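Asker: need coordinates for the below:
(chains A and B)
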2 protein chains.
Amino acid sequence: MTKVAIGVDIGGTNTAIGVVDIDGNVLVKGNILTPAHGDINLYIEELSGAIRDLINSVKKLNKNIEILGIGIGAPNANYYTGTIEQAPNLSFKGVVHMVALLREQFPELKALTITNDANAAAIGEMIYGGAKGMKNFVVYTLGTGVGSGIVVNGDLVYGHDGFAGECGHTILISGGRLCGCGGHGHLEAYCSASGMKRTAFELISQSNDTKSLLSGYSYNELDSKMIFEAAEQGDTIANQVFEITGNYLGQGLANTAHHLSPEAFFLFGGPTAAGDLIFKPTIESMERNLLATFKNKIKVLPSQLKRGDAAIVGASALVYKELEKL
Amino acid sequence: MTKVAIGVDIGGTNTAIGVVDIDGNVLVKGNILTPAHGDINLYIEELSGAIRDLINSVKKLNKNIEILGIGIGAPNANYYTGTIEQAPNLSFKGVVHMVALLREQFPELKALTITNDANAAAIGEMIYGGAKGMKNFVVYTLGTGVGSGIVVNGDLVYGHDGFAGECGHTILISGGRLCGCGGHGHLEAYCSASGMKRTAFELISQSNDTKSLLSGYSYNELDSKMIFEAAEQGDTIANQVFEITGNYLGQGLANTAHHLSPEAFFLFGGPTAAGDLIFKPTIESMERNLLATFKNKIKVLPSQLKRGDAAIVGASALVYKELEKL
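Answerer: This next block holds a predicted model:
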């Protein structure tokens, strides 16, 4: 029997579903809309149908396939309770008992579990990616926001109530930039893709640089990919954005390292495509900010999950992790 | 049989030793000088002799006593390797194989283990104190420096190489005060007993207040107890010191909470004797800096280890924790 797991990634607009083998290969995948209507029962029906369709198509490819379970990555998901709680970007209100509702549809599966996307990325890294065999590491996901997934002694840290790993909302600059959450000076406000855009605008405003490739874009037009492309063409402002972002991120990594003494950090998300442009200043800043005991020990690596499928692959890894515990 | 554990606290000047029962009561205790001569073999001989003397005197009190093991709290101690590594305040140079050397003297004991003092405080809190039954909590020790011990899923977090829990060296104010470690803006430079003194001097310098009870002391005279006594007498500067220290500390606790989502924080050390004066602004600041998901959930409590004996009691708790794993 070939054993496989199903990964479900619930986003604000789309729900992506994939059947993933133990090596992290996506055998088949599908998509449904995450509804705006807020009716969770209708959504569970659609989602279950889509999952069954995928199971049928993967069984056509290989009759000897066993489906081990379903892992779900979703915003504001709570591993302990199996719920999604007040996710601002989803239409479902209050507390949604995602695992219990889906369990009714798939009573035969060995594992059915949920966590947030950054935690799923960390488990994905541990099961399929660069963190295989590591017992202590931290994943930072750099996107619209900054998420994190923390692994200690080989297990994901959920904390007392399931919401650990919000390193994006640690304070980097006391009294600094307004964060999306309403707080001030959070790492997310400096190191996310939009944080990089804010840094670009701050630099332009300070330098009055009209010749930068970035000076021709409105705030709503600019994104981190454009900053990367400008930096590659030698644009000074764009290069400074990476230097400064790395400097901030390195401070954040040092703070996390002083808590947890990890073997490695994995960076995931759009801005990491810039390679050395972001990794070099990040590592330099982290090392500068570490106690002597920690220096030159902690790896800072790019995630080894394939970009496009990472969310469903990470979610599917939850199943393999869960089965280790049985 | 009454089962007891031996706790050893190795400080820069003194080494305190105690025989501790399962309820955290110190049955007998003793002291030797931590030598300045740097000869570890001589020290092990003296320490073993002192431990044997204590074992003999406790056996005179109660013949049916079983010694389970020895737990050692020491600066720069590494749980994984059983060593003390380059501790700046101890005369022993390089890497000292403390556990192996003491094991030669006491081959019959079930457990013989070492960790740093803040970690020992955390395990003490878990075995004897306010954290009984808690699986996720963090202890901050406020003294000359600021240490921390982190418990996740019921186990102390040592990290990849044994040095996790250095929350005192996370950055609170980017580019801020020089820390003892050479870094800048670390929590320890604001929230330790000497951090409080620095805040007092900063406030006096800013306000030019010649009437404060604190304005008559030199920097080398002033300590956190004097600030507490002045605050109790209504001194404005002294009260501001507590407000500001609590504000800083609350930011630090929020940063740790966003990493780990603990059930509780325990504060340990001299400044906590000030009670509400330090707890109130700390809790207010932590709550102000927490994401909505974390608000009004996390307890901030005084350590329940008895002040005078806490170090040896904490160290002895290592033995009980270690035996859980066997």
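
Asker: so the spatially closest residue to A:Val157 that is not a sequence neighbour bridges to which residues?
Answerer: Excluding the flanking residues, the one nearest A:Val157 by Cβ to Cβ, 6 or more residues apart in numbering or on different chains is A:Ile150, at 4.2 Å. Heads up, the C-betas are built off the backbone N, CA and C, glycines and all. Per DSSP bridges, the residues bridged to A:Ile150 are A:Val138.

Asker: what about A:Ile150, how many residues nearby?
Answerer: By other Cβ atoms under 10 Å in any protein chain shown, 29 other residues sit near A:Ile150.

Asker: is it in contact with A:Tyr158, as I believe?
Answerer: No: counting by Cβ atoms under 8 Å, A:Ile150 sits too far from A:Tyr158 to count as a contact (9.2 Å).

Asker: what is in contact with these two at once?
Answerer: Residues touching both A:Ile150 and A:Tyr158 comprise A:164-165, with contact defined as Cβ atoms under 8 Å, 6 or more residues apart in numbering or on different chains.

Asker: residues in contact with the residue nearest to the spatial centre of chain A?
Answerer: Central residue of chain A (Cα atoms, centre = their mean): A:Ala118, 3.5 Å from the mean position. A:Ala118 makes contact with A:139, A:141, A:147-149, A:165 under the criterion Cβ under 8 Å, 6+ apart.

Asker: just the helices in the stretch 151-300 of chain A please.
Answerer: Remark: helices assigned in the stretch 151-300 of chain A by DSSP state H, counting those that start in this stretch are A:188-191, A:193-207, A:224-232, A:236-260, A:276-289.

Asker: what lies in contact with the second one?
Answerer: What that stands for is helix A:193-207. A:142-144, A:146, A:177, A:188-190, A:209, A:212, A:214-215, A:219, A:222-224, A:227, A:237-238, A:240-242, A:244-245, A:248, A:269-271.

Asker: which among the residues you listed end up buried?
Answerer: A:142-144, A:146, A:177, A:188-190, A:212, A:214-215, A:222, A:224, A:227, A:237-238, A:240-242, A:244-245, A:248, A:269-271 (16 or more other Cβ atoms under 10 Å in any protein chain shown).

Asker: quick check: A:Leu267 vs A:Thr282, distance?
Answerer: Using Cβ to Cβ, to the nearest Å, one gets 8 Å for the distance from A:Leu267 to A:Thr282.

Asker: the two - which one has more neighbours?
Answerer: Between A:Leu267 and A:Thr282, counted using other Cβ under 10 Å, A:Thr282 has the larger neighbour count: 28 against 21.

Asker: from A:Thr245, how far out is the more buried one?
Answerer: Applying Cβ to Cβ to A:Thr282 and A:Thr245 gives a distance of 8 Å.

Asker: what residues does the stretch 51-200 of chain A put near chain B?
Answerer: Within the stretch 51-200 of chain A, the positions lying close to chain B (Cβ under 8 Å from any Cβ of the partner chain) are A:76, A:85, A:135-136, A:150, A:152-153, A:155, A:157-167, A:169-174, A:181, A:183.

Asker: count the neighbours of whichever residue of the stretch 1-150 of chain A sits closest to chain B for me.
Answerer: Nearest residue of the stretch 1-150 of chain A to chain B: A:Asn136, at 4.4 Å (Cβ to the nearest Cβ). A:Asn136 has 22 neighbouring residues, counting by other Cβ under 10 Å.

Asker: now do A:Ser218
Answerer: Neighbour count for A:Ser218, taken as other Cβ under 10 Å: 7.

Asker: just the pLDDT at it, thanks.
Answerer: The confidence metric pLDDT takes the value 96 at A:Ser218.

Asker: which segments of chain A make up each domain?
Answerer: A:2-129+A:308-325, A:137-302 (automatic domain parsing).

Asker: wasn't the residue nearest to the centre of chain A part of a helix?
Answerer: Yes: under DSSP: H, G, I helix; E, B strand; the rest coil, A:Ala118 falls within a helix.

Asker: what's the nearest residue to it if we skip its chain neighbours?
Answerer: In this structure, A:Ala118 finds its nearest non-sequential neighbour in A:Gly147, 3.0 Å apart by Cβ to Cβ, 6+ apart.

Asker: which other helices and strands contact the strand or helix carrying the one you found?
Answerer: Using DSSP states H and E, A:Gly147 falls within strand A:146-152. Judged by 3 or more Cβ pairs under 8 Å, 6 or more residues apart in numbering or on different chains; DSSP states H and E, strand A:146-152 is in contact with helix A:117-127, strand A:137-142, helix A:236-260.

Asker: go again using 6 Å as the cut-off
Answerer: Counting contacts by 3 or more Cβ pairs under 6 Å, 6 or more residues apart in numbering or on different chains; DSSP states H and E, strand A:146-152 packs against helix A:117-127, strand A:137-142.

Asker: all strands for the stretch 51-200 of chain A, in order.
Answerer: Counting by DSSP state E, counting those that start in this stretch, the stretch 51-200 of chain A has strands at residues A:65-73, A:77-78, A:83-85, A:95-96, A:111-115, A:137-142, A:146-152, A:155-156.

Asker: give me the neighbour count for the closest residue to A:Gly11 other than its chain neighbours.
Answerer: Excluding the flanking residues, the one nearest A:Gly11 by Cβ to Cβ, 6+ apart is A:Thr34, at 6.1 Å. A:Thr34: 21 surrounding residues under other Cβ under 10 Å.

Asker: and the stretch 201-326 of chain A, which residues reach chain B?
Answerer: A:251, A:255, A:258-263, A:291, A:293 (Cβ under 6 Å from any Cβ of the partner chain).

Asker: could you redo the last one with a cut-off of 8 Å?
Answerer: Within reach of chain B by Cβ under 8 Å from any Cβ, the stretch 201-326 of chain A has these residues: A:251, A:254-256, A:258-263, A:289, A:291-294, A:297-298.

Asker: could you flag which of those are buried?
Answerer: A:251, A:254-256, A:258-263, A:289, A:291, A:293-294, A:297-298.

Asker: which one of those residues sits closest to chain B?
Answerer: When those are compared for distance to chain B (Cβ to the nearest Cβ), A:Ser261 wins out at 2.6 Å.

Asker: that closest one contacts B:Ala164, correct?
Answerer: Yes: if you go by Cβ under 8 Å, A:Ser261 and B:Ala164 touch, sitting 3.8 Å apart.
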